[in-house]
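Visitor: sequence plus the predicted model coming up.
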Amino acid sequence: MVIRYDIEKNVLQIDGNDLYPQSLDENFIGLCNNCNADVASLSYHSNAENTIVVAKCGSCKTIYSIVYDKDWNWQGEEAITQFFKLKDSNDLRILDSIDKKKLATVFTPAETTAMYAKARGEKYVRQYLYRARKKYTDFKELFDVQLNI
C-alpha cells in the first residue's frame, strides 16, 4: 500500500486514490513512536472500511497515518514518508461555478474572500480560511458541493 499526503490541502492518497478530509479537527492522538512526544491530528479521512487519521508529532514532526475501523478500534499505523502536491487546482473554477447566494448562506464575506485568495494563490488571512474549512461539511450537506480549498 502506497500512502502519500498533501500537507497544504490535507489530501491523503492511498494507492493513487485521493481521500479528501472529512474533518480538520486538532486532537491529541497519542505518543510518537520515535521520540515519545505528543501526536496531534491534522485531518480525518474515510474510505469504505476504515477511518484514517493523519497526525503529526509536535517534537520530531513525523507524520503518521493511523487506521481505525468503523467502531474506532485501532487497526495500525505507519509513518508517511511520501508527500505530494495536488496537481488539479480547479479551486477557482469550482468557486466561480457556485452561486454567490449559496456561498453567502454558509460563509461570511471574509471567509469567502479568503477562499478566493487561496484559490488564486494570493495572500489570504489564515484564520478566515480555517473558519471556512470548518463549514465545508455543512456546505456539502446543504448544496451537495464538496469544497477543498
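Guide: Everything's here; your move. Predicted, not measured: the structure shown is a model, and the values here were computed from it.
Visitor: can you pull out the helices in this protein?
Guide: For the chain, the helices defined by DSSP state H occupy 91-97, 100-106, 109-120, 126-134, 136-143.
Visitor: make JSON lines from the ones you listed and add mean pLDDT and mean neighbour count to it.
Guide: (Glycine included, C-beta is placed from N, CA and C.) Shown next, in JSON lines, are the helices of the chain (pLDDT from 0 to 100; neighbours: other C-beta atoms under 10 Å):
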{"stretch": "helix 91-97", "mean pLDDT": "79", "mean neighbour count": "14"}
{"stretch": "helix 100-106", "mean pLDDT": "93", "mean neighbour count": "13"}
{"stretch": "helix 109-120", "mean pLDDT": "90", "mean neighbour count": "18"}
{"stretch": "helix 126-134", "mean pLDDT": "94", "mean neighbour count": "16"}
{"stretch": "helix 136-143", "mean pLDDT": "91", "mean neighbour count": "15"}
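Visitor: using PDB, list the CA coordinates for the helix or strand of the chain with the lowest mean pLDDT.
Guide: Counting by mean pLDDT, DSSP states H and E, the chain has its least confident helix or strand at helix 91-97, which shows a mean of 79. Presented in PDB, the C-alpha positions along helix 91-97 are these (Å, rounded to 0.1, in the frame of the first residue of the first chain):
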ATOM      1  CA  ASP A  91     -10.400  25.500  -6.900                       C
ATOM      2  CA  LEU A  92     -11.100  28.900  -8.600                       C
ATOM      3  CA  ARG A  93     -13.200  27.300 -11.300                       C
ATOM      4  CA  ILE A  94     -15.200  25.500  -8.700                       C
ATOM      5  CA  LEU A  95     -15.800  28.600  -6.600                       C
ATOM      6  CA  ASP A  96     -16.800  30.600  -9.700                       C
ATOM      7  CA  SER A  97     -19.300  28.000 -10.700                       C
END
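Visitor: what residue ranges in this protein score low on pLDDT?
Guide: 86-90 (pLDDT under 70).
Visitor: how about Y124, nearest residue that isn't a chain neighbour?
Guide: Of all residues not flanking Y124 in the chain, A117 sits nearest, at 3.7 Å (C-beta to C-beta, 6 or more residues apart in numbering).
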